[in-house]
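Colleague: Here's a sequence, model it:
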Amino acid sequence: MIIAEHHRDGMVRFTLRPNRSLDWRGSLEFFAWMSAVSLSIAAWFAWQGAWLVLPFAGLELAALALGLYMVSVRCMDKEIVSINEDTVEICKGRRHLESRILVRRHWAQVRLEAGEHRWYPGRLIIRSHGRGTEIGRFLGEVERRDLARRLRKIV
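Modeller: Residues are numbered from 1 along each chain as shown. This next block holds a predicted model:
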């Protein structure tokens, strides 16, 4: 997801976030429903005498909980690209700012590199003085191309 903000002083800010299918509350509700279904089926089998189903149902729910947690944490990634008169600032992080890169606008190059194979995703890179920073790795190809076009026009 790309959110573009144009400020009166000429600054442009792009906020990049992954698309979220569920928020944290939705993930908890999904886990609760799956737990109820899985444990009721496992309890029925245990009542029929196949008690060994219960530990495996618990392992299955633990794996589901871990997967939902990992996806929810990754969906909190955020990248902010701010373009002023003379600088391009790239900030990355989840809850807090984890990295900040400043690049001179006059030296900045926006490059969209194709993947190694046709089915690999491309890479959007802002380069300056031989160093590059990849942005939008969680965006789809159409969004990545659109962002590259918009960044090239501004930079």
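Colleague: need the next SSE after the helix or strand hosting F30, C-terminal direction.
Modeller: Per DSSP states H and E, F30 falls inside helix 24-47. Scanning forward in sequence from helix 24-47 by DSSP H and E, the next helix or strand is helix 53-74.
Colleague: May I ask which helix or strand of the protein has the lowest mean pLDDT?
Modeller: Using mean pLDDT, DSSP states H and E, the weakest-scoring helix or strand in the chain turns out to be strand 2-6, at a mean of 85.
Colleague: Partner strands of that strand and their direction?
Modeller: strand 12-16 (antiparallel) (DSSP bridges).
Colleague: Just the buried residues of the strand it pairs with, please?
Modeller: By neighbour count with 16 or more other C-beta atoms under 10 Å, strand 12-16 contains the buried residues V12, R13, F14, L16. Backbone N, C-alpha and C define where each C-beta goes, glycine included.
Colleague: which other residues reach it?
Modeller: 1-7, 78-83, 135-136, 138-139, 147, 150-151, 154 (C-beta atoms under 8 Å, 6 or more residues apart in numbering).
Colleague: do the same with stretch 108-127
Modeller: Outside stretch 108-127, the residues touching it (C-beta under 8 Å, 6+ apart) are 81, 88, 90, 103, 128, 132-137, 139, 141, 144-145, 147-148, 151-152, 155.
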